[in-house]
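In: predicted coordinates and the sequence they were generated for:
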2 protein chains.
Amino acid sequence: MTDMALPDEPATPALVVDLDVLDRNLEAMSDLARRAGVKLRPHVKTHKCLEIAERQVRAGADGLTVATVAEAEVFASAGFDDLFIAYPLWVDRDKGARIRRLLGSVRLTVGVDSGEGGRAMAAQLGADRGRTAVLIEVDSGHHRTGVPPDMAGALADQLRHEGLVVGGVFTFPGHSYEPGMPQTAAQDESTALRDAADALRSVGIEPEVVSGGSTPSVRFAEPGTVTEIRPGVYPFGDAQQLELGTCKPRDIALTALATVVSRSNGDVVLDSGSKVIGADRPAWTTGHGRLLDHLDARITAISEHHATVRWDDSPVPSPGDRLRVVPNHVCNAVNLVDELAIVQDGRFVDRWAVAARGANT
Amino acid sequence: MTDMALPDEPATPALVVDLDVLDRNLEAMSDLARRAGVKLRPHVKTHKCLEIAERQVRAGADGLTVATVAEAEVFASAGFDDLFIAYPLWVDRDKGARIRRLLGSVRLTVGVDSGEGGRAMAAQLGADRGRTAVLIEVDSGHHRTGVPPDMAGALADQLRHEGLVVGGVFTFPGHSYEPGMPQTAAQDESTALRDAADALRSVGIEPEVVSGGSTPSVRFAEPGTVTEIRPGVYPFGDAQQLELGTCKPRDIALTALATVVSRSNGDVVLDSGSKVIGADRPAWTTGHGRLLDHLDARITAISEHHATVRWDDSPVPSPGDRLRVVPNHVCNAVNLVDELAIVQDGRFVDRWAVAARGANT
């Protein structure tokens, strides 16, 4: 899309991606995977963007991870042919028909974490149920979905009797998202995946895939446990990653370009509200995002079209000034916009569609 | 769009609107405005939907409120010709050109809360600067944007000297969004607007418009203070309104239809994550939303595609069961989807586009 007419700068609020920082982040994660001798299957729910997925594959990714059938459909239509839906899908008639269509062009893997889920999937896929591998989701401490590791064998056995092909196990160590926890979560993940893999072997299934890895925990992973990692946020970074120490300000590739619209006392109000940076605000974060060029400022309140910034520094920005806001949770921010403005060397060079925006079903 | 083929039920997660509840809510607010003798100018940022705006006008609304120039453009193209942008816009070249285009078909009013903002607007609108009325935003206790009421006169005088037409004052008593606060916020609003109106009169400007009203505070408004109210959330209601006591479960018109995908101990995991119900979670809420048909259940955690529900009742729902989730903040939920599924008497009868989804600039 480089031939379209681009304005000097986009209207605010807008999400802007620094291309050089993005490429550096992609290269760094590919290096980490290469050095660890594991496959990199990035989670594209973070960016939902074909151009970034292409760059991830060019940098060495082996296949992609998605969260929904609808995301799989978007990336499959663009020619990506090795997709893992890392989610314990409930496959009803609609999702069954759509998965069967995907099998025409994609090597598809799907998550399962219950006998009921596996049975429903097998019933809907019918004669095609052997054409998609299933990975058993294991709870490694995040306590969201997934079975306890020692129950993976019994579930695998049950799924096999439903005619499903059990390809291995996966987990999401989401409890890495808290200060001081990335390393602990990585250890929990290794233990859980090793136990789950052993549980599969105990029923005679050699796991081909042992899949883990969140962006905060991935660099602490124990060597030799996993065959692939599925980090999502690393292309962009965000304020959560900054505050967890997973990335540095120079690694932040995506910001919301915002305009100061109001000012009173030490508070500055920006037009980057929750409808462009999202409303995520974990209790341990310092606020509703960060200002990339003013790390001492704190975003103390947010509403749909306002971000209130407490500004103790001087000079305080004036109405009309433009600032760069780092969202707390970049995956939810990207899902709010139709396109990302791409900047390189301070110039806007392209726009990339958020092709899978809203692809929830 | 009633002639399109509709499936028995939409794929989940999906946002579903009960048409009869919606219409009842619209009628109730129109009644309230009629009885109070004030104009109703509903804020359409909540639904961003042409069909609902049409129903609001049919039920007696006088014009619409929007939050952005982009929202104004969407509703103007559909023929709505009386719009108030209730936001202290920073009018740069781009927004100035777009406002001038809007003036061709719309009676447009725009918010201002600073001399700089007014000067920028006047400069960009040039010869057209007298064709849009401006309302001065007043801070009535929410402490976000707006000038103190007693400064409204000086600002009005300044704006008038820039060639702008000052039509009156407005406020958003957003501090009504806390338990026990709706009545207090309504009182603060009345005081602030009365003081601001007097301040305008002190510089010789008789305010034509005195505009207030959030959904929680509007029924407590002091008679005779405002000329119009701008509630937004009332067509749908949401979990915040439920927990504030502003509406009852039977008034909830919009829910996220969700499927149980996983279950362990007393926890049930639904597919209605923050990418469909939003991540808003004020500290005073009981969780990340409510279950309309199970008001004792608590949504204890949310991630992009998971809502974890603590379930103390029995029986606990099974994988595959469908439940109705009430988002905490319906405005952010609606902005996440391309269309709303419309249900009447338990049957899906239509789909309405979220026409102004993502219209942030």
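Out: Thanks, I have it.
In: got the residues of the stretch 151-300 of chain A near chain B?
Out: Residues of the stretch 151-300 of chain A lying near chain B by C-beta under 8 Å from any C-beta of the partner chain: A:174, A:259-264, A:267, A:269, A:271, A:274-276, A:278-281. Bear in mind the C-beta positions are built from the backbone N, C-alpha and C, glycine included.
In: return the set of buried residues in the one helix or strand A:G111 maps to.
Out: Under the criterion of DSSP states H and E, A:G111 resides in strand A:107-112. For strand A:107-112, burial by neighbour count (16 or more other C-beta atoms under 10 Å in any protein chain shown) applies to A:108-112.
In: now, which of those residues lie close to chain B?
Out: For chain B, no contacts are drawn from the buried residues of strand A:107-112 by C-beta under 8 Å from any C-beta.
In: show me the domain layout of chain A.
Out: Here the domain parsing of chain A from automatic domain parsing is A:20-235, A:240-328.
In: quick one: which of these is nearest B:V74?
Out: Closest of these to B:V74 is domain A:240-328, at 14.1 Å (criterion: C-beta to C-beta).
In: end-to-end on the closest one?
Out: End-to-end distance for domain A:240-328: 5 Å, by C-alpha to C-alpha, to the nearest Å.
In: report the two of the buried residues of strand A:107-112 separated the most.
Out: The span of these, defined through C-beta to C-beta, is set by A:L108 and A:V112 at 13.0 Å.
In: how would you label the residue nearest to the spatial centre of chain A: helix, strand or coil?
Out: Nearest to the geometric centre of chain A sits A:G232, at 3.1 Å (C-alpha atoms, centre = their mean). When classified by DSSP: H, G, I helix; E, B strand; the rest coil, A:G232 comes out as coil.
In: surely it meets A:R41?
Out: No. Counting by C-beta atoms under 8 Å, A:G232 does not reach A:R41; the two are 10.4 Å apart.
In: residues shared between the contacts of these two?
Out: Common neighbours of A:G232 and A:R41, counting by C-beta atoms under 8 Å, 6 or more residues apart in numbering or on different chains, are A:T65.
In: pretty sure A:D321 is touching A:V260, no?
Out: Yes. Counting by C-beta under 8 Å, A:D321 does reach A:V260; the two are 4.6 Å apart.
In: counting by contacts, list what the helix or strand containing A:G168 packs against.
Out: According to DSSP H and E, A:G168 maps onto strand A:165-170. Using 3 or more C-beta pairs under 8 Å, 6 or more residues apart in numbering or on different chains; DSSP states H and E, the elements in contact with strand A:165-170 are strand A:133-137, helix A:152-161, helix A:182-202, strand A:209-212.
In: pull up the pairing partners for it, direction included.
Out: strand A:133-137 (parallel), strand A:209-212 (parallel) (DSSP bridges).
In: and the nearest residue to A:G167 once chain neighbours are set aside, what does it touch?
Out: Nearest non-adjacent residue to A:G167, counting by C-beta to C-beta, 6 or more residues apart in numbering or on different chains: A:A133, 3.4 Å away. Taking C-beta under 8 Å, 6+ apart, we find A:A133 in contact with A:108-110, A:165-168, A:208-209.
In: ok, what's across the strand from A:A133?
Out: A:T109, A:V165.
In: from chain B, how far off is it?
Out: Using C-beta to the nearest C-beta, to the nearest Å, A:A133 is found at 19 Å from chain B.
In: which parts of the stretch 1-150 of chain A sit against chain B?
Out: A:7, A:10-14, A:45, A:67-68, A:87-90, A:92, A:94-95, A:113-114, A:116-117, A:120, A:139, A:143-147.
In: in helices only, show me the residues you listed.
Out: Among these, the ones falling in helices (DSSP state H) are A:94-95, A:116-117, A:120.
In: with pLDDT and distance to A:T184 added, can I get those in CSV?
Out: As requested, those are exported to CSV (pLDDT from 0 to 100; distance: C-beta to C-beta, whole Å):
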residue, pLDDT, distance to A:T184
A:D94, 96, 40
A:K95, 97, 35
A:E116, 97, 32
A:G117, 98, 29
A:A120, 98, 35
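In: what's the farthest-apart pair in those?
Out: A:D94 and A:E116 (17.6 Å).
In: start and end of stretch A:50-68, how far apart?
Out: End-to-end distance for stretch A:50-68, by C-alpha to C-alpha: 16 Å.
In: chain center to that stretch: distance?
Out: In terms of C-alpha atoms, centre = their mean, to the nearest Å, the centre of stretch A:50-68 is set 11 Å apart from its chain centre.
In: report the buried residues of it.
Out: Here stretch A:50-68 shows A:50-53, A:55-57, A:59, A:61, A:63-68 as buried, counting by 16+ other C-beta under 10 Å.
In: again with stretch A:201-212
Out: For stretch A:201-212, a neighbour-count test (16+ other C-beta under 10 Å) marks A:205, A:207, A:209-212 as buried.
In: now do stretch A:329-343
Out: Buried residues in stretch A:329-343, counted by 16+ other C-beta under 10 Å: A:329-337, A:339-343.
In: now check it, is it near chain B?
Out: Yes. Judged by C-beta under 8 Å from any C-beta, stretch A:329-343 comes into contact with chain B at A:329, A:331-332, A:335-338.
In: quick one, what contacts the closest residue to A:D94 other than its chain neighbours?
Out: Computed as C-beta to C-beta, 6+ apart, the closest residue to A:D94 that is not its neighbour in sequence is B:A11, at 5.0 Å. Residues in contact with B:A11 (C-beta under 8 Å, 6+ apart) are A:92, A:94-95, A:361.
In: quick one: the closest residue to A:L22 other than its chain neighbours and B:D139, what's the gap?
Out: Leaving out its chain neighbours, the residue that sits closest to A:L22 by C-beta to C-beta, 6+ apart is A:A253, at 4.3 Å. Here A:A253 is placed at a distance of 37 Å from B:D139 (C-beta to C-beta, to the nearest Å).
In: cool, A:A11 as well?
Out: Look at A:A11 and B:D139: by C-beta to C-beta, they are 27 Å apart.
In: just A:A256 next, same as before
Out: For A:A256, the distance to B:D139 (C-beta to C-beta) stands at 25 Å.
In: and A:E73, by the same measure?
Out: 48 Å.
In: noted, bye for now.
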